[in-house]
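S.K.: the sequence isn't on hand, but the structure is:
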């Protein structure tokens, strides 16, 4: 399926406004694994006929890693730059595939003059399922397959979004199994708080190994993720445990796209 992803600048030039802005984020732009998730989110948006756009080169980092690493000054500079761009385009609603971008734009930007309706892609998928626009048919069948879902910290415990990703999986007729620690009691994948960009401190065990052991204990065929950082950590864990043949780590958007044959 080939189609063009429009930028805000192009829509603006044509005198049009999108219903929703897709915020791609750094991982979704530059990380090879996360780029596949970005493509699948676009496929879903295109498939349901939602009028959307991306910022393209006008998008820069939300400033989340800078803030979490303690550089408030850099965060505010990055945030202000983005807010100016978003406000200039009169953006009202934003969807993103990254819980870090989601949390930052939703909760940190209003204090700096940027107030928008921000949703995570799993919430968008839930809405589309509820509206009957996404059916989970015409593609790969997940019927009876064992799937366990890992709650991203900034989506679950940070913002209380537990239902949407599970709703997106329930529609597949799959067997949804929960890990020992899930929902409000979830465990970090090991990449939070800017840990993604540095080696862990000395300890007894890496967090992602602890987490992947919990996931594998449910004997899943698929581990579902909703965050590009979690995706990296969970994938690394699966590789370390030599389970790449038996267990696949997929994002909610990828699973949805596959189920709908996109």
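M.R.: Done, it's in. This is a predicted model, so every value here is computed, not measured. Numbering: from 1, shown residues only.

S.K.: and the pLDDT at the residue nearest to the spatial centre of the chain?
M.R.: With distances taken as Cα atoms, centre = their mean, the residue of the chain nearest its centroid is residue 97 (2.9 Å). Reading off the confidence values, residue 97 has pLDDT 98.

S.K.: list the buried residues in stretch 164-175.
M.R.: Neighbour-count burial for stretch 164-175, counted by 16 or more other Cβ atoms under 10 Å, picks out 164, 165, 166, 167, 168, 169, 171, 172, 174, 175. For the C-beta atoms, the positions are set from N, CA and C on the backbone; glycine is no exception.

S.K.: between the two ends of it, how far is it?
M.R.: 16 Å (Cα to Cα, to the nearest Å).

S.K.: now for the residue lying closest to residue 231 once chain neighbours are set aside, how many residues are close by?
M.R.: Once flanking residues are discounted, residue 231 sits nearest to residue 225: 4.8 Å by Cβ to Cβ, 6 or more residues apart in numbering. Residue 225 has 27 neighbouring residues, counting by other Cβ atoms under 10 Å.

S.K.: what domains does the record give for the protein?
M.R.: With domains defined by automatic domain parsing, the chain comprises 8-126, 135-259.

S.K.: what about the longest one, how long is it end to end?
M.R.: Just to be clear, that refers to domain 135-259. Distance between the boundary residues of domain 135-259 (Cα to Cα) amounts to 8 Å.

S.K.: stretch 198-206 now?
M.R.: From its first residue to its last, stretch 198-206 covers 13 Å (Cα to Cα).

S.K.: still on that earlier bit, the buried residues of stretch 164-175 in helices, which ones?
M.R.: The members of the buried residues of stretch 164-175 that map onto helices under DSSP state H are 164, 165, 166, 167, 168, 169.

S.K.: got a list of what the spatially closest residue to the fourth one that is not a sequence neighbour touches?
M.R.: Spatial nearest neighbour of residue 167, chain neighbours left out: residue 126 (4.6 Å); criterion: Cβ to Cβ, 6+ apart. When the contact criterion is Cβ atoms under 8 Å, 6 or more residues apart in numbering, the partners of residue 126 are 163, 164, 165, 167, 168.

S.K.: 7 Å instead?
M.R.: Contacts here follow Cβ atoms under 7 Å, 6 or more residues apart in numbering; on that basis residue 126 touches 164, 167, 168.

S.K.: among these, which one sits closest to residue 45?
M.R.: residue 168 (14.7 Å; Cβ to Cβ).

S.K.: so the closest residue to the closest one other than its chain neighbours is in which element?
M.R.: Distance criterion Cβ to Cβ, 6+ apart; nearest residue to residue 168, sequence neighbours excluded, is residue 125 at 4.5 Å. Secondary structure assigned from DSSP states H and E places residue 125 in helix 121-130.

S.K.: right, and the helix or strand after that helix?
M.R.: strand 146-149.

S.K.: name the helices or strands packed onto that next one?
M.R.: helix 163-170, strand 175-176, strand 222-225 (3 or more Cβ pairs under 7 Å, 6 or more residues apart in numbering; DSSP states H and E).

S.K.: again, 10 Å this time
M.R.: Packing contacts for strand 146-149, counted by 3 or more Cβ pairs under 10 Å, 6 or more residues apart in numbering; DSSP states H and E, involve helix 163-170, strand 175-176, helix 207-217, strand 222-225, helix 252-259.
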